[in-house]
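*Asks:* build me a model:
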Amino acid sequence: MMLSTGIMLQDRYEILERIGSGGMAEIYLAEHILLKTSYALKVLKNKSGVGAVDARKRFLREAKF
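*Replies:* Okay, here's the model as predicted:
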């Protein structure tokens, strides 16, 4: 899923730019609109079928680090 700059997520994060892409996710620079702090936001690409479950598990495992 590609996000456009300026999009708001959960009414608090503004997407500033796409900073990377990998096999399973897109990475964006986002800013918390109230705290004015920057974050790298990793968004899982849409996948369907059996591989989607494995991709989601790997994504969650990576997020713990």
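
*Asks:* roughly how far apart are Tyr39 and Asp54?
*Replies:* Relative to Asp54, Tyr39 is positioned 26 Å away (Cβ to Cβ, to the nearest Å). Every C-beta, even on glycine, is put in place using the N, C-alpha and C of the backbone.

*Asks:* ugh, typo on my part, it should be Gly23
*Replies:* In terms of Cβ to Cβ, Gly23 sits 12 Å off from Asp54.

*Asks:* now swap in Ala25 and tell me
*Replies:* 14 Å.

*Asks:* those two - which one has more neighbours?
*Replies:* Neighbours per residue, other Cβ atoms under 10 Å: of Ala25 and Asp54, the larger number sits with Ala25, 18 against 12.

*Asks:* isn't the more buried one right next to Leu41, touching?
*Replies:* No: using Cβ atoms under 8 Å, Ala25 is not in contact with Leu41; the gap is 9.7 Å.

*Asks:* hmm, Ala40 and Ile19 touching each other?
*Replies:* Yes: Ile19 is within contact range of Ala40, at 6.9 Å (criterion: Cβ under 8 Å).

*Asks:* what do those two both touch?
*Replies:* Taking Cβ atoms under 8 Å, 6 or more residues apart in numbering as the contact rule, Ile19 and Ala40 both touch Ile27, Tyr28, Leu29.

*Asks:* what's the helix or strand where the second one lies in contact with?
*Replies:* Right, Tyr28. Under the criterion of DSSP states H and E, Tyr28 resides in strand 25-32. With contact meaning Cβ under 8 Å, 6+ apart, strand 25-32 is reached by 1-3, 9, 12-21, 37-45, 59.

*Asks:* drop anything exposed from those residues.
*Replies:* Listed as buried from the contacts of strand 25-32 are Tyr13, Ile15, Arg18, Leu41, Val43; burial here means 16 or more other Cβ atoms under 10 Å.
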